[in-house]
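Trainee: sequence unknown, structure follows:
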């Protein structure tokens, strides 16, 4: 299965395309505002408003043989710990080998932003190359996850 932290996810269509190719079920999890997909493999899950409600829904279900798509580092950490394969929207994988450093960096940056309210931040723009890397990474991750699921 593929779990997508769908609020503000720029690669929902790409997830559907790869899922169709493999017959994989997809859960698009959001607080609302997403148009339902007519695809029978895609289930829209609307969770109540609140901090991290969508993240908790995904973290409670993801495990070995699943793929999670998120940009949320704490959610990624929980899913990696549970044994799921986790990808950012640009195709970068969250792994047991890098998640600790990513969490530490995230926390450091939050502290720096809190200490300097005038600090301008923001990520770089999402590019066609990011989309292409994501498609390739999702294809590989899903193939591996499906092999793990088989008895």
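Mentor: Looks like it came in fine. Values in this document were obtained by computation on a predicted structure and should not be read as measured data.
Trainee: contacts, neighbours, all on C-alpha from now
Mentor: Noted.
Trainee: any weak-confidence spans in this structure?
Mentor: Within the chain, the ranges that satisfy pLDDT under 70 run 104-123, 150-151.
Trainee: cutoff 90 now
Mentor: The model of the chain has pLDDT under 90 over residues 7-9, 31-37, 48-54, 71-73, 96-128, 130-131, 145-151.
Trainee: any chance you could map the helices in it?
Mentor: Counting by DSSP state H, one finds helices in the chain at the ranges 12-22, 53-59, 73-82, 99-115, 128-149.
Trainee: ok, residue 14 - contacts?
Mentor: By Cα atoms under 8 Å, 6 or more residues apart in numbering, the residues touching residue 14 are residue 135.
Trainee: for residue 56, what are its contacts?
Mentor: Shown in contact with residue 56 (Cα under 8 Å, 6+ apart): residue 75.
Trainee: got it, and residue 26?
Mentor: Contacts of residue 26 (Cα under 8 Å, 6+ apart): 1, 2, 3, 4, 16, 19, 41, 42, 43.
Trainee: Could you identify which of these has the most neighbours?
Mentor: residue 4 (28 neighbours; other Cα atoms under 10 Å).
Trainee: May I ask which two of the contacts of residue 26 are separated the most?
Mentor: For the contacts of residue 26, the farthest-apart pair by Cα to Cα is 4 and 41; their separation is 13.1 Å.
Trainee: do you know which of the helices of the chain lies nearest residue 32?
Mentor: Comparing those against residue 32 with Cα to Cα, the closest turns out to be helix 53-59 (10.2 Å).
Trainee: Check the offset of that closest one from the chain's centre.
Mentor: Distance of helix 53-59 from the chain centroid (Cα atoms, centre = their mean, to the nearest Å) equals 11 Å.
Trainee: Repeat that for stretch 27-42.
Mentor: Counting by Cα atoms, centre = their mean, stretch 27-42 comes out at 14 Å from the chain centroid.
Trainee: which parts of that stretch are buried?
Mentor: Across stretch 27-42, burial judged by 16 or more other Cα atoms under 10 Å covers 27, 28, 29, 30, 31, 41, 42.
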